[in-house]
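A.B. asks: structure for the following, please:
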Amino acid sequence: MNDILGPPVQIAYAVVDAREAARRWAAQFGAGPFFVADHIPVTDVVHRGLHGEFDHTSAYGQWGSIMVELVQDHGDGPSAVRDLYAPGETGLHHLAYFVDDIHETTARLGEQGYPLAMSAVAGGTTRFHFVDATAQLGHFLELYEPNDGLRGFYAKVRAAAEDWDGTEPIRTR
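C.D. replies: Numbering: from 1, shown residues only. Sure, this is the predicted structure:
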């Protein structure tokens, strides 16, 4: 798998409340600070071959050398989050990777038994895929082709964590 994906850039957990989970992660693990984005605009959602919706809020913070995302799915309909967790349930959801070609990487993973579960576009510019690795790994893989905005956001989260003293663990994007 490493020859296809390289190292992960993010680990993500499904949570009931993104802000409360971020406070807990900051207090218990020293992760953060967390930048919270409410009801992230997502379009072109296709889940398991059917058009859908993905209404979610996420908190993004740095945890050592990796970004952690705490994702709160506001819906109860089909989504890559609901594939693993019903409303009220929490747990590891995905590892995210930057890839050079999202479609080629998704196809290569599909050939190895990891099918595409959901695709969508966040913020009008960033396409992402959730690849189903639950049978083999117990979680999804999220793929992105990094663009300037996405790289800038990762850098912002990482920079905020440098010399962070634990104050103001929740911030807005």
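A.B. asks: name the helices or strands packed onto the host helix or strand of Val68?
C.D. replies: Counting by DSSP states H and E, the element that carries Val68 is strand 66-73. The contact analysis (3 or more CB pairs under 8 Å, 6 or more residues apart in numbering; DSSP states H and E) places strand 66-73 against strand 10-14, helix 18-29, strand 56-63, strand 91-98, helix 148-161. Using the backbone N, CA and C atoms, a C-beta is placed for each residue, glycine as well.
A.B. asks: now with 6 Å, please.
C.D. replies: Helices and strands touching strand 66-73, by 3 or more CB pairs under 6 Å, 6 or more residues apart in numbering; DSSP states H and E, are strand 10-14, helix 18-29, strand 56-63.
A.B. asks: in it, which residues are buried?
C.D. replies: In terms of neighbour count (16 or more other CB atoms under 10 Å), strand 66-73 has its buried residues at Met67, Val68, Glu69, Leu70, Val71, Gln72, Asp73.
A.B. asks: so the third one touches Gly61, yeah?
C.D. replies: Right, Glu69. No. Using CB atoms under 6 Å as the test, Glu69 is too far from Gly61 to be in contact (8.4 Å).
A.B. asks: pull the distance from the lowest-mean-pLDDT helix or strand in the chain to the chain's centre.
C.D. replies: In the chain, no helix or strand scores lower on mean pLDDT, DSSP states H and E than helix 2-5, which sits at a mean of 86. Relative to the centre of its chain, helix 2-5 is centred 19 Å away, using CA atoms, centre = their mean, to the nearest Å.
A.B. asks: sorry, back to before: out of the helices and strands packed on strand 66-73, deepest packed?
C.D. replies: strand 56-63 (a mean of 23; mean count of other CB atoms under 10 Å).
A.B. asks: show residues contacting that one.
C.D. replies: Here strand 56-63 makes contact (CB atoms under 6 Å, 6 or more residues apart in numbering) with 18, 22, 31-32, 34-38, 40, 68-73, 157-158, 161.
A.B. asks: again with stretch 31-41
C.D. replies: By CB under 6 Å, 6+ apart, stretch 31-41 touches 18, 22, 25-26, 55-61, 63, 68, 122, 160, 164, 169-171, 173.
A.B. asks: show me the shaky parts of the chain.
C.D. replies: 173 (pLDDT under 70).
A.B. asks: so how far is Gly88 from the closest residue to Ala86 other than its chain neighbours?
C.D. replies: Among residues not flanking Ala86 along the chain, Asp76 sits closest, at 8.0 Å (CB to CB, 6 or more residues apart in numbering). Look at Asp76 and Gly88: by CB to CB, to the nearest Å, they are 10 Å apart.
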